[in-house]
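S.K.: Here is my input; please provide its structure:
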Amino acid sequence: MVFGEYGLQAVQGGWIPAATIEAGRIAAQQYLRAGGRLYIRIFPHKPITSIPLETRMGKGKGEPEYWAAVVKPGTILFELGGVSEDAARLCFARLAHKMPVKVRFVRRQMM
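M.R.: Next up, the predicted model:
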């Protein structure tokens, strides 16, 4: 972790749509109110395209349906700073329900 004391780490790989990242951001901000700081560590770079149903072959690739972030196992998705561990666990529990990949709570290791 780079920014916060607590993080949400992906246990499995997959794609996370931009709308899911935004839904997680809103849920965390509503829980935190003014206390604490949320850091989003992923960005949706990958366009996911599809062609309309019942379209014949040979008309090209199709328009982007949505944008997604490619997540590998071990990637830190979100970080929190300036809150207690109990508050961070509750906030990340709300975020974990929205994520399409399995995640776990991690804490910064003090030397």
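S.K.: which residues of this structure score low on pLDDT?
M.R.: 110-111 (pLDDT under 70).
S.K.: Run through the helices of it in chain order.
M.R.: Taking DSSP state H to define them, one finds helices in the chain at 18-32, 85-98.
S.K.: and of the ones you listed, who's closest to P64?
M.R.: Nearest to P64, of all the helices of the chain, is helix 18-32, at 10.9 Å by CB to CB. C-beta coordinates here come from the backbone N, C-alpha and C atoms, glycine included.
S.K.: by contact count, what packs against the closest one?
M.R.: Secondary-structure packing of helix 18-32 (3 or more CB pairs under 8 Å, 6 or more residues apart in numbering; DSSP states H and E): strand 37-40, strand 63-71, strand 76-81, helix 85-98.
S.K.: Distance of L38 relative to I48?
M.R.: 25 Å (CB to CB, to the nearest Å).
S.K.: Those two - which one has more neighbours?
M.R.: Neighbours per residue, other CB atoms under 10 Å: of L38 and I48, the larger number sits with L38, 20 against 14.
S.K.: which one is V70 nearest to, not counting chain neighbours?
M.R.: K46 (5.5 Å; CB to CB, 6 or more residues apart in numbering).
S.K.: just to revisit the earlier point, pick the most deeply packed of the helices and strands packed on helix 18-32.
M.R.: strand 76-81 (a mean of 22; mean count of other CB atoms under 10 Å).
S.K.: just how off-centre is that one within its chain?
M.R.: Its chain's average C-alpha position is 9 Å from that of strand 76-81, according to CA atoms, centre = their mean, to the nearest Å.
S.K.: Can you pull out the residues in contact with it?
M.R.: For strand 76-81, contacts defined as CB atoms under 8 Å, 6 or more residues apart in numbering pick out 1-10, 16, 24, 28, 32, 36-42, 71, 88, 91-92, 95, 99, 103, 106.
S.K.: again, but for stretch 88-108
M.R.: With contact meaning CB under 8 Å, 6+ apart, stretch 88-108 is reached by 1, 4-17, 20, 23-24, 27-28, 31-32, 36, 71, 76-78, 80, 83, 85.
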